[in-house]
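Asks: just need the structure, nothing else, for what follows:
(one chain, ligands or ions: 1)
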Amino acid sequence: MTKVGLNLLDQTFETLKAEGKTALMPFITMGDPDPETTVEILLQLERAGADIVELGVPYSDPLADGPVIQRASERALVRQITIPKCLEIAQAARERGVKLPYVLFTYYNPVLQLGLESFFELVYDAGISGLIIPDLPYEESQEVLRLADQFNIKLIPLVAPTSRDRVARIVEYARGFIYCVSSVGVTGERASFHQSVDEFIKSVKEQTDLPVAVGFGISSHEQVSHFSEFCDGVVVGSAIVRKIEDTLPLLKDKATKEQGLLQIHDFVAQLKSGN
Ligand SMILES: O=P(O)(O)OC[C@@H](O)[C@@H](O)c1c[nH]c2ccccc12
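Replies: Numbering: from 1, shown residues only. A predicted model of the protein is given here:
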């Protein structure tokens with residue numbers, strides 16, 4: 001039975017567009033450093049001005065991830081953070097008042113381990129609005145897309161400057177938004193971006209009515225501001241995950257946990273507003 005109804009991710013982009021705003025979209029690794037702290041971090045991200053959040057499922061072989069997110073995955077895997085556990089954490093954050101749309105970010109193998117139908121039932125029940133699977137083989141994406149549509153979960157594609165010739169076909173099957181990868185290689189902060197990135201993103205925008213977001217390497221207010229001039233969303237992962245890593249000593253001690261959470265809040269807030 002196809003699940004109908006409004007999708008919070010779509011609604012959020014529509015509202016932001018009407019307000020002439022760009023979505024700030026943090027990525028964090030779920031369960032890093034532990035489930036309870038992840039709930040607290042999600043609350044801080046929302047308070048800091050995040051509009052949408054990418055919930056990263058830790059994985060043992062994160063091919064597209066740089067060292068910062070690899071280390072975060074390792075810390076989370078020590079706590080046996082599985083997809084069901086990630087979804088529990090997401091629901092716990094909802095119960096604490098987090099209203100952000102959730103985009104689940106997972107490699108394909110953990111999905112296969114659960115089985116596609118079971119996976120989508122769990123993800124739907126957890127109130128997830130979007131899904132990114134960076135290593136989903138194109139040949140299998142039609143079945144995943146059929147189920148995602150059935151459960152009203154937006155299957156978001158990644159497009160890279162190296163896949164220019166495939167953009168038209170990728171966009172044709174896109175849902176939710178288009179995730180433009182700013183650079184080739186793996187995730188991780190970049191000091192600068194090749195000037196052709198702007199033109200690549202603008203060329204993608206010309207081929208779709210869906211929102212277009214950019215990610216990979218963005219780590220400062222200046223970079224967020226630059227891309228916010230022509231993107232509907234800006235994803236920041238490694239820079240925020242590194243901030244979490246840097247505050248681990250504070251987060252681990254009850255006496256200083258609030259101070260650590262506040263430092264994460266302030267870092268994300270300055271990404272958004274620059275002050
Ligand atoms: O970490 P960065 O450079 O800020 O990039 C966002 C990235 O973390 C997030 O979207 C993501 C995490 N793992 C990925 C793997 C592939 C594509 C994207 C991702």
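
Asks: show me the contacts for Gly49.
Replies: The contact partners of Gly49, taken as C-beta atoms under 8 Å, 6 or more residues apart in numbering, are Leu24, Val268, Ala269, Lys272, Ser273. Backbone N, C-alpha and C define where each C-beta goes, glycine included.

Asks: which one of those sits closest to Pro35?
Replies: Taking C-beta to C-beta as the measure, Pro35 lies nearest Val268 of the contacts of Gly49, at 20.0 Å.

Asks: show the contacting residues for the spatially closest residue to that closest one that is not a sequence neighbour.
Replies: Using C-beta to C-beta, 6 or more residues apart in numbering and skipping residues adjacent in sequence, the residue nearest Val268 is Ala48, 3.7 Å away. Neighbouring residues of Ala48 by C-beta under 8 Å, 6+ apart: Ile264, His265, Asp266, Phe267, Val268, Ala269, Lys272.

Asks: out of the residues you listed, name the ones that lie in helices.
Replies: Ile264, His265, Asp266, Phe267, Val268, Ala269, Lys272 (DSSP state H).

Asks: phi first, then psi, for the closest residue to the ligand within the stretch 101-250 of the chain.
Replies: In the stretch 101-250 of the chain, the residue that lies nearest the ligand is Gly237 (2.1 Å; C-beta to the nearest ligand atom). Here is the backbone geometry of Gly237 (degrees, to the nearest 10): phi -120, psi -80.

Asks: what's near enough to touch it?
Replies: Pro26, Phe27, Ile28, Glu54, Gly56, Ile69, Thr187, Gly215.

Asks: repeat that with 10 Å
Replies: For Gly237, the contacting residues are 25-29, 54, 56, 65-66, 68-69, 72, 105, 187-189, 215-219, by C-beta atoms under 10 Å, 6 or more residues apart in numbering.

Asks: again, but for Val111
Replies: Val57, Ile83, Leu104, Ser118, Phe119, Phe120, Val123, Leu131, Ile133, Leu136, Val144 are the contacts of Val111 under C-beta under 10 Å, 6+ apart.

Asks: quick one, which of those residues are buried?
Replies: Neighbour counting by 16 or more other C-beta atoms under 10 Å classes Val57, Ile83, Leu104, Phe119, Phe120, Val123, Leu131, Ile133, Leu136, Val144 among these as buried.

Asks: what residues does the protein have near the ligand?
Replies: Counting by C-beta under 6 Å from any ligand atom, the residues of the chain lying close to the ligand are 27, 54, 56, 64-65, 69, 105, 134, 158, 187-188, 215-218, 235-239.

Asks: can you select the buried ones among those for me in ChimeraX?
Replies: In ChimeraX, this line selects whichever of the residues of the chain next to the ligand come out buried by 16+ other C-beta under 10 Å:
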select :27,54,56,65,69,105,134,158,187,188,215,216,217,218,235,236,237,238,239
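
Asks: the residues of the chain next to the ligand in strands, which ones?
Replies: Secondary structure from DSSP state E places Phe27, Glu54, Gly56, Phe105, Leu158, Gly215, Val235, Val236 of those in strands.

Asks: thinking again about what came up before, looking at the contacts of Val111, which one is closest to Phe151?
Replies: Set against Phe151, the nearest of the contacts of Val111 by C-beta to C-beta is Phe120 (4.8 Å).

Asks: what about Tyr108, neighbour count?
Replies: 16 (other C-beta atoms under 10 Å).
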